[in-house]
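Structure for the following, please:
(chains A and B)
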Amino acid sequence: MTGAWLNRILHAVLWISVVFFSHPLLAKNLYGNSSLNLPVGVTHMSREVYSLHMIIFWICVVIAVVVFGVMFWSLVRYRKSKGARAAHFHENTWVELLWTAIPLIILVLMAIPATATLQKIYDTSEAEMDVMITGHQWRWHYEYLGQDVSFFSNLSTPPEQISGAEQKGENYLLEVDQPLVLPVDTKVRLLLTSNDVIHSWWVPQLAVKKDAIPGFVNENWTKIDEPGIYRGQCTELCGRLHGFMPITVKAVSKEDYQLWLSEQKQQAAEKAAGNEREWTLADLMTQGESVYNTYCAACHMVNGQGIPPAFPALAGSLVASTAEGRATHIERVLYGKSGTAMAAFGSTLSAADIAAVITYERNAFGNNTGDIIQPAEIKKQLKPTE
Amino acid sequence: MTSNSYSSATEHAHEPQLRGLKRWLLTTNHKEIGTLYLIFSLTMFFIGGTMALVIRAELFQPGLQLVQPEFFNQMTTMHGLIMVFGAVMPAFVGLANWMVPLQIGAPDMALPRLNNFSFWLLPLAFSLLLSSLFMEGGGPNFGWTFYAPLSTTYAPPSTNFFILSIHLAGISSILGAINIIATILNMRTPAMKLMDMPLFVWTWLITAFLLLAVMPVLAGVVTMMLLDINFGTSFFNAAGGGDPVLFQHLFWFFGHPEVYIMILPAFGIASMIVPAFARKRLFGYRSMVYATASIAILSFVVWAHHMFTVGLPLAAQLFFMYATMLIAVPTGVKVFNWVATLFHGSISFEVPMLFTLAFIVQFTIGGLSGVMLAIVPADYQYHDTYFVVAHFHYVLVPGAVFAIIAGVYYWLPKWTGYYPDETLGRWHFWLSVIGVNLTFFPMHFSGLAGMPRRIPDYALQFADFNLLSSLGGFLFGLSQLLLVWVVVRCVRGGKPAPDNPWEGAEGLEWTVPSPAPLHTFSTPPEFIPERDSPSRA
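Below you'll find the predicted structure:
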């Protein structure tokens, strides 16, 4: 009988708190602007996750207040120094049954909304567009499937801010050179994988966190309600610069998205044209330096000295500074070196960028080979499937 | 077996006592080995703690000031490994060595030479591990969870040394567990049934079975890493047809029971100390035993709650969510039992009791955030953030470590013959409570605000919480020097302690003199269940 009553009371408390704390407007005023709590977020799912979080939080607070209340009351009331004499009771089947059953009921009540929300999160069907997200040490690569648009998204915080030589900006460590642009009110399926180690893609405002694992393609989805810029970070330790691979999502209106997409396609066409023409050494060196500093300097260092033994030096190395190493050099950049951290760039960078960076590496840091590698040579080397 | 070890223990009494280094290298005495374990653990606690302070110093403000990211990663990794395998586990084994034979009326551990061997493996294992910090390419830098392929294909060359040291520490744990099980099952004083054993013994018996079950899995997983790194296999290498997620399944099949290995003996300690200072029997001895066993069994079916973001199928997510939530039930039973024991007691607040009460409150906070983490959709927001760091530190530091310290204060009079200094002990307690909560409570907020764990530098909105955590970290770390001071003083002298130094304490350990002589219970002590059993009517 008591169990049934308690059940009803708990139900009532639960539903009152659901209504009270999950009302987005109220929730936002109470907690939303404070950095003490999770963000409410900008998707239906993020708001649902937020209310779930608040419900379980308040249940935990109530439990803590009751348990600690009884505990501290006992500590004050039954002090030996105040003459308290110990009672001799122990073991009581009803009490013990009750304090097993009540938590069980509370847990079931928590599990019901959690299960419902989880089922929705797992429903990636009927997506209107797909984005392939690939984790790399230490940057994200986004590919708009079926659109021929893809790019890397790199940390854009200048090193001077990290070392403290410059004032830190507002979005310190949370800013990138090219954000992931998504249209609002569109169900976007996110496909996640990795090129090297495990990464995890998290944007708190979208309540999306999913691991990017080599050899696996994970799925998730989001449907953003409001245009804006939403920031997140890699959340799985992925090596040296794990703390320096942020995520920035720029949500725009559907029209703006189409505009952006056609711009991207045009740029891709220009880039492709660059693969067809002959480059001068000076052009290759300028382009190569910029590619090198973005993709290679994290391991091989800006001065080409590397961090041996994990990340070998390029300056004066057999591969990068001798005529015999030339073919190997191209092969390493295109296909990586298995069993080491050296990634394959053949499928992610353009032939022109690869030609430029190899030319740069063979002529910088005192590697004065004088070699010029043209995009045409790179294209010839790439396997026909790629 | 049993009769053998009894006779060897008595023979031992007549041998001339070895002196100096040889005495400690060759000792087979459970009390001396217990002391060795405790000293080792304390040393590791300070080494791992220093690493924590390097981390906290770097995180004191945004930007890279003191260390580079590669060294920072080595610090987080080594801090975790040392605290888990070098500080907390050996501390519990040390307490078990000292107290299990005394609590069950046995003259020594069942396998004294094995006991010596399992201790001396540890300094070897951890010298190897620490030496890897000075090797070319640095020490382990892939987190204490060493997820492949970061720990295989992308690992520094010193990883082979890391694997060997994990093997050695694992063998030490397995041998220690065998010894504890053999001792408890075979060497209790004749009248003591299993349900008459003190809860510290019960929790350790269950812990030892957990160790036996999961340490071989850890050994297996590091061996697979060894093969992947050196012999061209592809267990965890996707490019070779392997499966990086398999690593996580294997690791956490070890890792989750490991979490309980580090907390069950703490439950045992609290269940000894609360009745002693409430001067009232533990409310539900039987339900405590059953709750401990339930937690241990459940611990084998919840491992994937560490992997909610790896993309398991929905059905698996739901199963692991429900199973994980279920653990809250027996854990709740334990907390309710302690509170019910306090209720209507006659409570005094000596230092062991202070640490135990803080343990109960702080462990419960960690337990409640654990329930929040079990809710999969919410976990997507908490996973791998400082919220998780706050959660597991709450159960491990203000939880397990506080219980260990409580146990040390509780049993010190038995070990040294003197009471620990009450005033210094209180200073130690209050500074520790303030320090530990100042360190770890703000981490809940930095996590909810979005700060990922294991990063050497962070965005500006996390700065305030990190500042508090760093201040708290230094306060907590430095106040542990007081513990050393209290222990050293207590070994040297102080207020002499009678056989039973605590008014309400029960158990066979209090029937031998303080300090306990090197050899105790050469003949099994009298134990009358109707009078002495914690489960008596």
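
what's next to the helix or strand that contains residue B:76, contact-wise?
Here residue B:76, judged by DSSP states H and E, is contained in helix B:69-81. Helix B:69-81 has contacts (CB atoms under 8 Å, 6 or more residues apart in numbering or on different chains) with A:237, A:239-244, A:307, B:48, B:51-52, B:54-55, B:58, B:67, B:129-130, B:133, B:138-146, B:454, B:456-457. Where C-beta positions appear, they are placed from N, C-alpha and C, glycine not excepted.

Next, the contact list for residue 194, please.
Looking at chain A here, since you left the chain open. Remark: with contacts taken as CB under 8 Å, 6+ apart, residue A:194 is in contact with A:134, A:135, A:136, A:212, A:213, A:214.

try chain B instead
For residue B:194, the contact set (CB under 8 Å, 6+ apart) comprises residue B:202.

Check the gap between it and residue B:526 for me.
The gap separating residue B:194 from residue B:526 is 19 Å, by CB to CB, to the nearest Å.

Please apply the same query to residue B:37.
Per CB to CB, residue B:37 is found 29 Å from residue B:526.

low-confidence ranges in the chain?
Just going to use chain A. Low-confidence segments of chain A (pLDDT under 70): A:1-34, A:339, A:383-386.

nope, chain B please
Filtered on pLDDT under 70, chain B yields the residue ranges B:1-16.

Check it for the residue nearest chain A and tell me.
residue B:238 (2.6 Å; CB to the nearest CB).

Identify the residue of chain A closest to chain B, quick one.
At 2.6 Å from chain B, residue A:215 is the closest residue in chain A, using CB to the nearest CB.

Look at the closest residue to that residue other than its chain neighbours and say how many residues are nearby.
Sequence neighbours aside, residue B:238 is the residue nearest to residue A:215 in space, at 2.6 Å (criterion: CB to CB, 6 or more residues apart in numbering or on different chains). Residue B:238 has 20 neighbours, counted by other CB atoms under 10 Å in any protein chain shown.

What of residue A:326?
16.

Next, the contact list for it, please.
By CB under 8 Å, 6+ apart, the residues touching residue A:326 are A:362, A:369, A:371.

out of those, which are inside strands?
The strands, defined by DSSP state E, take in nothing from those.

filter those to the buried ones?
Buried residues within the contacts of residue A:326, counting neighbours by 16 or more other CB atoms under 10 Å in any protein chain shown: A:362, A:369, A:371.

May I ask you to confirm that the last one is in contact with residue A:364?
Meaning residue A:371. No. If you go by CB atoms under 8 Å, residue A:371 and residue A:364 don't touch, sitting 11.6 Å apart.

can you pull out the strands in chain A?
Using DSSP E, strands in chain A cover A:129-136, A:139-144, A:149-153, A:180-183, A:188-194, A:199-203, A:208-212, A:218-222, A:228-234, A:246-252.

quick one, which of those is nearest to residue B:361?
For residue B:361, the closest of these is strand A:208-212, at 30.7 Å, according to CB to CB.

Could you list the paired strands of the closest one along with their orientation?
With DSSP bridges as the test, strand A:208-212 is paired with strand A:199-203 (antiparallel).

What are the buried residues along the partner strand?
Those would be A:199, A:200, A:201, A:202, A:203, for strand A:199-203 by 16+ other CB under 10 Å.

now the residues you listed in JSON lines, with distance to residue B:178?
Listed next are the buried residues of strand A:199-203 as JSON lines, based on distance: CB to CB, whole Å:
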{"residue": "A:199", "distance to residue B:178": "41"}
{"residue": "A:200", "distance to residue B:178": "39"}
{"residue": "A:201", "distance to residue B:178": "45"}
{"residue": "A:202", "distance to residue B:178": "43"}
{"residue": "A:203", "distance to residue B:178": "49"}
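
Closest one of these to residue B:259?
For those, the residue nearest residue B:259 by CB to CB is residue A:200; the value is 21.3 Å.

which one is the closest one nearest to, not counting chain neighbours?
Using CB to CB, 6+ apart, the closest residue to residue A:200 is residue A:236 (3.7 Å).

same deal with residue B:300?
Leaving out its chain neighbours, the residue that sits closest to residue B:300 by CB to CB, 6+ apart is residue B:257, at 6.3 Å.

Quick check: phi and psi on the one you found?
With angles defined as degrees, to the nearest 10, residue B:257 sits at phi -60, psi -30.

if I read this right, it contacts residue B:213, doesn't it?
Yes. Shown here, residue B:257 and residue B:213 form a contact pair, counting by CB under 8 Å, at 6.7 Å.

For the two, indicate the residue with more neighbours.
Shown here are residue B:257 and residue B:213; by other CB under 10 Å, residue B:257 has more neighbours (27 against 16).

What residues does the nearest residue to residue A:250 once chain neighbours are set aside make contact with?
Leaving out its chain neighbours, the residue that sits closest to residue A:250 by CB to CB, 6+ apart is residue A:179, at 4.3 Å. Going by CB under 8 Å, 6+ apart, residue A:179 touches A:153, A:229, A:248, A:249, A:250.
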